[in-house]
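>>> Here is my input, please return the structure:
(3 chains, ligands or ions: 3)
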Amino acid sequence: MALQMKRSWNELASDDEADDPSDEQETEDWSASSAVVLSPPSSKDTSQPYYGASSKCVPQAHSNQNEHKRTIVHVDLDCFYAQVEMIRNPELRTKPLGIQQKNIVVTCNYVAREYGVTKLMYIKDAKEKCPNLVLVSGEDLTHYREYSQRVSDLLQSEFSTLVEKLGFDENFVDVSSLVEDRLKAYQGKPKMEVKGHIFGSENEGSSSQCSCGCHQRLAVGSQIAGEMRERLKEVIGLTGCAGIAWNKLLAKLVGERHKPNDQTTLFPGREQQLMIGLEKARRIPGIGHSMNKKLSTLGITTVLELQKASSAELEAVFGSQITAMMKNSSFGIDKSPVNKTGPPQVLKAC
DNA sequence: AGACTATATG
DNA sequence: CATATAG
Ligand SMILES: Nc1ccn([C@H]2C[C@H](O)[C@@H](COP(=O)(O)OP(=O)(O)OP(=O)(O)O)O2)c(=O)n1
Ligand SMILES: [Mn+2]
Ligand SMILES: [Mn+2]
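Numbering: from 1, shown residues only, chains lettered A, B, ... in the order given. Ligands and ions are numbered 1, 2, ... in the order given. Below you'll find the predicted structure:
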């Protein structure tokens, strides 16, 4: 049970194998492996990648036609707890700030990060890195919960009813219908300007010329993401990052590429570069400590190895559904819908 | 070294 | 309920 959670702490104590999925560094060793591009699994499987865990979705026929049909924005707020405390006390903005729970800095602002303070760091280590670190208790979650709800509510009321929360500081928003509306309205505009960064644009290679109109849709999606971030800042006072892509998996992964307070759009043809650039399969959302360990047993540690792995061998360990999920995810395929987040579940009571 | 918090699944 | 994943 708590086995899984323990992992993070063990990582901190560094008595566990290095299994950290956390992002931060930008590995970009695409050229090395670009010679071989593996084919993704056939798309008639019904299993859903990780983010589809909650969907009781039924198999859909076809897919190449609809592969890039949706426009999904993923929003992740910057150093969330720290930002909330800086709103509550603006004097903290210019100081290195850590949010303390028991003996750990659960997160810290970007001033503190310049000193080498990281998320989930022991107080002792953080004070070593930054003796002037200001600590604020983050044991009372009510303010964070409240700001979290305001963020989801704003996105839901101004952009799309299809909003799914992930933790306190992330939301997936399916803006496909808003995008369609805007494309109809702007009818003949020859060029759609992309807001923010474009993943992989400084490299060689192509964002494939897909004829389905996805390029225009994603460009509009990037503009909408810019508006979301603008509204979150002016209405609530929070900054954050956005990723724009045609599914949840890729939107989440691409948004991390430029932090903080920025946004990145992925265009079709670049998803292999994004996925393989993760290097470690552990960094694929949905592959946690347990699955990673089992994968290691099979000699699989990288995304590329997972792509190449024999499905039969994987199925012997994970079963066919999980195997299909992992394989799809490794290729950046994720058909899971954005599920509206309902009222919080109340479990454990009585 | 968080009696973290939340959700999904079998 | 236990397990897994996530923030
Ligand atoms: N194991 C964890 C992970 C996260 N959090 C809390 C503290 C964070 O403020 C918030 C959001 O998590 P993120 O991973 O998005 O981290 P931040 O938003 O703090 O930083 P970043 O700017 O890197 O997104 O959730 C936590 O309490 N325990
Ligand atoms: Mn987050
Ligand atoms: Mn965040």
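>>> Can you report phi and psi for A:Lys165?
Reported as degrees, to the nearest 10, the phi and psi values for A:Lys165 are phi -90, psi 140.
>>> Could I get the contacting residues of the closest residue to it other than its chain neighbours?
Nearest residue to A:Lys165, sequence neighbours excluded (CB to CB, 6 or more residues apart in numbering): A:Thr341, at 4.3 Å. Heads up, the C-betas are built off the backbone N, CA and C, glycines and all. Counting by CB atoms under 8 Å, 6 or more residues apart in numbering, A:Thr341 touches A:Ser152, A:Val163, A:Glu164, A:Lys165.
>>> Then A:Gln156?
Contacts of A:Gln156 (CB under 8 Å, 6+ apart): A:Val163.
>>> how far does the host helix or strand of it sit from the chain's center?
Element membership for A:Gln156, per DSSP states H and E: helix A:142-158. Offset of helix A:142-158 from its chain centre (CA atoms, centre = their mean, to the nearest Å): 18 Å.
>>> For DNA strand C, tell me whether that helix is touching it.
No: with CB under 7 Å from any atom of the strand as the criterion, DNA strand C is not reached by helix A:142-158; the gap is at least 10.1 Å.
>>> Send me that helix as CSV with only the CA atoms.
Taking Å, rounded to 0.1, in the frame of the first residue of the first chain, the C-alpha atoms of helix A:142-158 are listed here in CSV:
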residue,chain,number,x,y,z
THR,A,142,-7.5,24.5,2.8
HIS,A,143,-6.1,27.5,0.9
TYR,A,144,-4.5,25.3,-1.7
ARG,A,145,-7.7,23.4,-2.2
GLU,A,146,-9.6,26.6,-2.6
TYR,A,147,-7.3,28.1,-5.2
SER,A,148,-7.2,24.7,-7.0
GLN,A,149,-11.0,24.8,-7.2
ARG,A,150,-11.0,28.4,-8.5
VAL,A,151,-8.6,27.4,-11.3
SER,A,152,-10.8,24.5,-12.4
ASP,A,153,-13.9,26.6,-12.2
LEU,A,154,-12.4,29.4,-14.3
LEU,A,155,-11.3,27.0,-17.0
GLN,A,156,-14.6,25.2,-17.0
SER,A,157,-16.7,28.4,-17.1
GLU,A,158,-14.7,30.3,-19.7
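>>> Just confirm yes or no for it near DNA strand B.
Yes: for a cut-off given as CB under 7 Å from any atom of the strand, helix A:142-158 has contacts with DNA strand B, namely A:Arg145.
>>> Just the buried residues of that helix, please?
Judged by neighbour count (16 or more other CB atoms under 10 Å), helix A:142-158 contains these buried residues: A:Tyr144, A:Tyr147, A:Ser148, A:Val151, A:Ser152, A:Leu154, A:Leu155, A:Gln156.
>>> again, but for stretch A:318-336
Buried, per 16+ other CB under 10 Å, within stretch A:318-336: A:318, A:322-336.
>>> And it, end to end?
Its first and final residues considered, stretch A:318-336 spans 20 Å by CA to CA, to the nearest Å.
>>> go on, stretch A:134-149?
For stretch A:134-149, the first and last residues are 27 Å from each other (CA to CA).
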